[in-house]
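*Asks:* My questions concern the predicted model and sequence given below.
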Amino acid sequence: MPITGKKSQQTISVIKRSYGSAVRTRVWYRQLREITFVATVYNVNQIINQ
């Protein structure tokens with residue numbers, strides 16, 4: 001089931017408020033790893049809080 005535009009914007013907003021909006025690393029592959037890690041932590045929190 002695809003995420004709608006409004007839902008994805010809302011999710012990104014929650015992630016930014018919870019974990020900060022800046023990517024701290026400089027190298028692109030580390031940025032990707034950091035963003036993936038933050039998304040994974042967010043998803044785990046969602047599963048735990050249900």
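*Replies:* Nice, thanks for sending it over. Numbers count the residues shown, from 1 in each chain.
*Asks:* Distance from the helix or strand containing residue 47 to the middle of the chain?
*Replies:* Taking DSSP states H and E as the criterion, residue 47 maps to helix 28-48. Helix 28-48 sits 5 Å away from the centroid of its parent chain (CA atoms, centre = their mean, to the nearest Å).
*Asks:* average pLDDT for that helix?
*Replies:* Mean per-residue pLDDT for helix 28-48: 93.
*Asks:* Identify the residues contacting it?
*Replies:* Contact with helix 28-48 is made by 11, 14, 15, 18, 19, 23, 24, 25, as judged by CB atoms under 8 Å, 6 or more residues apart in numbering. Any C-beta I mention is one placed from the backbone N, CA and C, and that applies to glycine too.
*Asks:* Buried subset of these as a ChimeraX selection?
*Replies:* The ChimeraX selection below is limited to those of these classed as buried (16 or more other CB atoms under 10 Å):
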select :15
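*Asks:* Just put the contacts of helix 28-48 in CSV and tack on pLDDT and distance to residue 42.
*Replies:* Shown next, in CSV, are these (pLDDT from 0 to 100; distance: CB to CB, whole Å):
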residue, pLDDT, distance to residue 42
11, 85, 8
14, 90, 8
15, 89, 5
18, 89, 7
19, 88, 7
23, 84, 15
24, 87, 17
25, 86, 18
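*Asks:* Go through the contacts of helix 28-48 and flag which are in helices.
*Replies:* Mapping the contacts of helix 28-48 onto helices (DSSP state H) picks out 11, 14, 15, 18, 19.
*Asks:* related to what we said a few turns ago, buried residues, the helix holding residue 47. List them.
*Replies:* Per 16+ other CB under 10 Å, helix 28-48 contains these buried residues: 38, 42.
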